[in-house]
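[1] test case, fold it:
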Amino acid sequence: MSTTVLAAGNHFIRPSLFTKALRAAVGELPLDIRELQFPWPHTPFGPVGEVIEASGSEDEMIEALQGVRICLTEHGPLTERILAACPDLKLFCTSRGGPVNANLEAATRHGVAVCHAPGRNATATAEHTLTLLLAAARGVGDTHTDLRAGTWRGDYYDYDNCGIEIDGATVGLIGYGAIGSRVAPVLRAMGAEVLVHDPYVRPEALAGVARLVSLDELLRRSRVVSLHARVTDETKGMIGRAQIAAMPRGSVLVNCARGALLDYEAACDALESGHLSGAGFDVFPEEPLPADSRLLTVPGVVLTPHIAGGSRQVAHKAADIVAADAARFLRGEPLEHCANPEVFKAG
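    Numbering: from 1, shown residues only. Reported below is the predicted structural model:
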């Protein structure tokens, strides 16, 4: 007897990618796979019911999940209302780094295991971080804008306007998880001294690559600072006016992590005053970025629209990660990335 599966993709991780990954993972096990297409990223995600960063609607999911035992999705919502209306569902796999589009408490009560795809975009985000870091350090944002406008600015060769090299510079990474730990060895290979502040990492994990220091020391010594921390109650707004002021004049600040880590008004003030010579931002306090945002006019900033984690490889990796857990579920094996393992104890 075949298992009914819903592959609810979008224009990034297409339904066909979920289907292909799942068939490769399960081998000869019989599957009846239905496909559903959500409009993201052409239509922004947002709250659906009680969950955040979801696409589609509860009614759409309820209709598609009738008789479905396993769902693979990226932004499809899993809410109390959906769970109550879809009693056959037993496994919900979201290909996000975290299960933000699923109500975990309700899923556990309804006996539905929720899996996610941690680390899916670590390489892509690390590479994008390095892209913005180098661009901000060498003034690529402003020079690109000037040249596209028809202005050849030879005065960027003035000593006071020149950018900085990474070779010989001190670079500070705030956070040393899956992304920071990929950025550090590249910077080290380029000749940088790399400092790390992360209360959860052991010093021996940095051996030969970086040195663990306090946040105060990192800010005081680093010519370039890049944020890689998770957003928690302790880290929200962790880089504000005082922390930016503690950085050397002419420093560069990069954020490809989360907008909530940084006081952007303080960053804009520092860019306008020249205390920061450059910045590279992929994430913002409000997305999409408002038309009147100061970030669109301050000097020295390089901006991208929250695309650090977007590569074709990420789409395949994410589909493969959740498909592997779906295959484990079908074989009765422990799940590798289950966000609510207590669901099995409850059962």
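[2] quick one, strands of the stretch 101-250 of the chain?
    Using DSSP state E, counting those that start in this stretch, the strands of the stretch 101-250 of the chain run over 113-115, 170-174, 193-197, 211-212, 224-227.
[3] with mean neighbour count as new columns, can those be given to me in a markdown table?
    Heads up, the C-betas are built off the backbone N, CA and C, glycines and all. Compiled in a markdown table, the strands of the stretch 101-250 of the chain are given as follows (neighbours: other C-beta atoms under 10 Å):
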| stretch | mean neighbour count |
| --- | --- |
| strand 113-115 | 25 |
| strand 170-174 | 25 |
| strand 193-197 | 22 |
| strand 211-212 | 16 |
| strand 224-227 | 27 |
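[4] adding distance to residue 258 and mean pLDDT, write these out as JSON lines.
    Below are the strands of the stretch 101-250 of the chain laid out as JSON lines (distance: least, C-beta to C-beta, whole Å; pLDDT from 0 to 100):
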{"stretch": "strand 113-115", "distance to residue 258": "22", "mean pLDDT": "98"}
{"stretch": "strand 170-174", "distance to residue 258": "12", "mean pLDDT": "98"}
{"stretch": "strand 193-197", "distance to residue 258": "16", "mean pLDDT": "98"}
{"stretch": "strand 211-212", "distance to residue 258": "22", "mean pLDDT": "97"}
{"stretch": "strand 224-227", "distance to residue 258": "8", "mean pLDDT": "98"}
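[5] how about those strands, which one is nearest residue 318?
    For residue 318, the closest of the strands of the stretch 101-250 of the chain is strand 113-115, at 11.4 Å, according to C-beta to C-beta.
[6] contact partners of that closest one?
    78, 90-94, 99, 102, 104, 107, 322, 325-326, 329, 335-341, 343-344 (C-beta atoms under 8 Å, 6 or more residues apart in numbering).
[7] PyMOL command to pick out the buried ones of these?
    Of the contacts of strand 113-115, the buried ones can be selected in PyMOL as follows, counting by 16 or more other C-beta atoms under 10 Å:
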select buried, resi 78+90+91+92+93+94+99+102+104+107+322+325+326+329+335+337+338+339+340+343
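[8] narrow the contacts of strand 113-115 to those in strands?
    Under the assignment DSSP state E, these contribute 91-94 to strands.
[9] so what pairs up with residue 303 in the strands?
    Under DSSP bridges, the beta-bridge partners of residue 303 are residue 281.
[10] and it, how many neighbours does it have?
    15 (other C-beta atoms under 10 Å).
[11] now do the closest residue in space to residue 217 that isn't next to it in sequence against residue 265, distance only.
    Spatially, and ignoring its direct neighbours in sequence, residue 217 is nearest to residue 195 (7.1 Å; C-beta to C-beta, 6 or more residues apart in numbering). Note on residue 195: its distance to residue 265, by C-beta to C-beta, to the nearest Å, is 26 Å.
[12] what bits of this structure have low per-residue confidence?
    For the chain, the stretches with pLDDT under 70 are 346-347.
[13] just the helices in the stretch 151-300 of the chain please.
    180-189, 215-221, 241-246, 264-273 (DSSP state H, counting those that start in this stretch).
[14] what is the second one packed up against?
    The reference is to helix 215-221. Judged by 3 or more C-beta pairs under 8 Å, 6 or more residues apart in numbering; DSSP states H and E, helix 215-221 is in contact with strand 170-174, strand 193-197, helix 241-246.
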